[in-house]
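A.B. asks: No sequence on hand, only this structure:
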C-alpha cells in the first residue's frame, strides 16, 4: 500500500521501509502473530529510529487500521460463511475496502 502511493516519491527508502515494517508489526501483533525482535532488527537495518517512528505514527496507525479492517470478519459475514461455507468472508471485506 505504501509503496504504490503518491507518498512514495516524497519519502526516502528508510522512511518507507521503516513505516512498512512498523505496519507489519502492528498488524501481526494485533492478529496474534509473534515475530520476536525481527521488526526492530529490520528497522535498525534500514537506519530507522524512534524519531522516525514518531514522525510516521499517523501513517502507521491509519495504514494498519485499513489493513486490519480489511481482514476482520464482521459478524454478519461470519454468519453468511457458516451458512455458505464456500463463500470467503475475507474476499467480501476486501471488496468493500477497494
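C.D. replies: Nice, I can see it. From a predicted model like this one, the values you see are computed outputs, not experimental measurements.
A.B. asks: if I look at residue 45, how far off is residue 27?
C.D. replies: 20 Å (Cβ to Cβ, to the nearest Å). (C-beta placed from N, C-alpha, C; glycine too.)
A.B. asks: Over to residue 43?
C.D. replies: 15 Å.
A.B. asks: Compare those two (neighbour count), which wins?
C.D. replies: Per other Cβ atoms under 10 Å, whichever of residue 43 and residue 27 has more neighbours is residue 43, with 22 against 17.
A.B. asks: Can you classify the more buried one as helix, strand or coil?
C.D. replies: helix (DSSP: H, G, I helix; E, B strand; the rest coil).
A.B. asks: Surely it touches residue 16?
C.D. replies: No: counting by Cβ atoms under 8 Å, residue 43 sits too far from residue 16 to count as a contact (11.6 Å).
A.B. asks: Give me the average confidence score over the lengthiest helix in the chain.
C.D. replies: What stands out as the longest helix in the chain, according to DSSP state H, is helix 13-30. Averaging pLDDT along helix 13-30 gives 93.
A.B. asks: Pull out the buried positions in it.
C.D. replies: 15-27 (16 or more other Cβ atoms under 10 Å).
A.B. asks: can you list the residues that contact that helix?
C.D. replies: 2-3, 8, 11, 34-35, 39, 42-43, 46-48, 52-53, 56, 59-61, 63-64, 67-68 (Cβ atoms under 8 Å, 6 or more residues apart in numbering).
A.B. asks: try 7 Å
C.D. replies: 2-3, 8, 35, 39, 42-43, 46-48, 52-53, 56, 59-60, 63-64, 67-68 (Cβ atoms under 7 Å, 6 or more residues apart in numbering).
A.B. asks: Of these, which qualify as buried by neighbour count?
C.D. replies: Using 16+ other Cβ under 10 Å, the buried ones in the contacts of helix 13-30 are 2, 39, 42-43, 46, 48, 52, 56, 59-60, 63-64, 67.
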